[in-house]
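Enquirer: The following comprises the amino acid sequence and a computationally predicted model.
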Amino acid sequence: MAGHGISVWGSLNIDLTVRVQAFVRPGQTVPGQSFHTFTGGKGGNQAVAAARLGADVRMIACVGDDLYGEMYRDVLRREGVDASCLSIKRDASTGTALIEVEDSGENRIVVVAGANARLTTAAAVRYSEVLSQSAYLLMQLETPMDGVLAAAEAARSAGVTVIMDPAPVRPLDEALLRLCDYVTPNETELQALTGMPVGTLEQAERACRELLARGAGAVVNKRGAEGALYVDRDGAFHVPAFAVKAVDTTAAGDTFNAALAVGLDGGMSVREALRFANAAAGLSTTGLGAQTAMPDWNSVEDTIRYNKLRKFIQHL
């Protein structure tokens, strides 16, 4: 039987973020509007988002023996994330991401893996007991695939629910898909993984069913302002998004996955957990930086209640 709480297997990056009016074109030099240094990385984002929402969270990752690594350890401890499973690599730098955000809220990101490249099978063996004692395991693809597969195997063998964010997108072996209870691609990732069109909900459902055929337990297609599409072997349904004024979409997908796990861990149905995840992801886009605007439980619940009230008034 699986244990309790959420473990996160994945990357920790320091995000160096510059705000511009429009994306820089090749050969062009433009004035930046602002510059900030944030903690990020898909693994760290999911861990912080889940902790903000009240979950018991453990982070399994690697950082460099440098100022950025020390900075990230302090942030995790301050956010209430168990950082006892962080490995400090003396011969590698902490992962770094260079992020360009334009006024529309869209972003472009370049990632230098650094110590993240050391999160391999050996780490899965070392922390197998931690993995097996969790209720949920959140994973992404910013770390080596052999480690991802080994961690998923350790978790599933203990009855842990595995939620896989296939980002940054890369080919997924069926052996890994069979270990995933939930796979959560966005539209770009879903199209890349299947080679199929995903522009409409009907097209996206067919593409999701392709991933089911390859072994995934269920597929959640994250569709941004269109909400989320859930597909499993028993059916499919769509959960609308919440309207927000987006400032920076950098960690919306990470917040979504964390909130999905938190909701399910809290006893919500899949539909309720997806609505909770949509609200959390929307709120996360309302501030600059990957983790800065990640909401707490009360903020998400308030947003859901407000949306229900607004719909009720509109129908009077």
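Expert: Received the coordinates, thanks.

Enquirer: how far is stretch 56-72 from where the chain is centred?
Expert: Stretch 56-72 sits 17 Å away from the centroid of its parent chain (Cα atoms, centre = their mean, to the nearest Å).

Enquirer: Likewise for stretch 61-75?
Expert: 20 Å.

Enquirer: mind starting the numbering at 50 from now?
Expert: Got it, the first residue is 50 from now on, which makes the last one we talked about stretch 110-124.

Enquirer: for Pro353, what are its contacts?
Expert: For the record, residue 353 is Ile, not Pro. Listed by Cβ atoms under 8 Å, 6 or more residues apart in numbering, the contact partners of Ile353 are 291, 324-325, 328. All C-beta spots, glycine's among them, are computed from the backbone N, C-alpha and C.

Enquirer: Widest-spaced pair of those residues?
Expert: Greatest spatial distance among those (Cβ to Cβ): Phe291 and Phe325, at 10.5 Å.

Enquirer: neighbour-wise, which of those two wins?
Expert: Applying other Cβ atoms under 10 Å to Phe291 and Phe325 shows that Phe325 carries more neighbours, namely 25 against 18.

Enquirer: Regarding stretch 56-66, how distant is the last residue from the first?
Expert: 27 Å (Cα to Cα, to the nearest Å).

Enquirer: how many neighbours does Asn156 have?
Expert: Residues near Asn156, counting by other Cβ under 10 Å: 17.

Enquirer: Spit out the contact partners of the spatially most central residue of the chain.
Expert: By Cα atoms, centre = their mean, the chain has its centre lying nearest to Asp303, at 2.3 Å. By Cβ under 8 Å, 6+ apart, the contact set of Asp303 is 91, 94-95, 98, 189, 214, 339.

Enquirer: if you set the cut-off to 7 Å instead, what comes out?
Expert: 91, 94-95, 98 (Cβ atoms under 7 Å, 6 or more residues apart in numbering).

Enquirer: nearest to Leu198, of those?
Expert: Minimum distance to Leu198 across the contacts of Asp303 is 17.0 Å, recorded for Lys91 (Cβ to Cβ).

Enquirer: Could you count how many residues lie near the closest residue to that closest one other than its chain neighbours?
Expert: Spatially, and ignoring its direct neighbours in sequence, Lys91 is nearest to Gln189 (4.0 Å; Cβ to Cβ, 6 or more residues apart in numbering). Gln189 is flanked by 25 other residues according to other Cβ under 10 Å.

Enquirer: can you pull the contacts of Gln189?
Expert: Per Cβ under 7 Å, 6+ apart, neighbours of Gln189: 59-60, 91-92, 214, 216.

Enquirer: Rebuild the residues you listed as a markdown table, extending it with pLDDT, neighbour count and distance to Leu261.
Expert: Below are those laid out as a markdown table (pLDDT from 0 to 100; neighbours: other Cβ atoms under 10 Å; distance: Cβ to Cβ, whole Å):
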| residue | pLDDT | neighbour count | distance to Leu261 |
| --- | --- | --- | --- |
| Gly59 | 97 | 27 | 24 |
| Ser60 | 96 | 28 | 27 |
| Lys91 | 94 | 29 | 23 |
| Gly92 | 96 | 28 | 26 |
| Asp214 | 98 | 30 | 17 |
| Ala216 | 94 | 19 | 19 |
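
Enquirer: Going by distance to Tyr117, which of those residues wins?
Expert: Of these, the one sitting nearest to Tyr117 (Cβ to Cβ) turns out to be Ser60, at 12.8 Å.

Enquirer: which SS state does the closest one fall under?
Expert: At Ser60 the chain is in coil, as set by DSSP: H, G, I helix; E, B strand; the rest coil.

Enquirer: and what of Thr335?
Expert: coil.

Enquirer: Surely it touches Ala292?
Expert: No. Look at Thr335 against Ala292 with Cβ atoms under 7 Å: they stay out of range, at 11.3 Å.

Enquirer: Narrow the contacts of Ile353 to those in helices?
Expert: 324-325, 328 (DSSP state H).

Enquirer: In the stretch 100-249 of the chain, what residue spans correspond to helices?
Expert: 116-128, 170-175, 177-181, 194-206, 223-226, 236-243 (DSSP state H, counting those that start in this stretch).

Enquirer: and of those, who's closest to Val67?
Expert: So among the helices of the stretch 100-249 of the chain, helix 116-128 is nearest, using Cβ to Cβ, at 17.4 Å.

Enquirer: tell me how far that closest one is from the chain's mean position?
Expert: For helix 116-128, the distance to the chain centre is 19 Å (Cα atoms, centre = their mean).

Enquirer: mind putting the ones in helices among the contacts of Ile353 in a markdown table, distance to Ala310 and pLDDT included?
Expert: As requested, those are exported to a markdown table (distance: Cβ to Cβ, whole Å; pLDDT from 0 to 100):
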| residue | distance to Ala310 | pLDDT |
| --- | --- | --- |
| Arg324 | 14 | 95 |
| Phe325 | 10 | 96 |
| Ala328 | 15 | 94 |
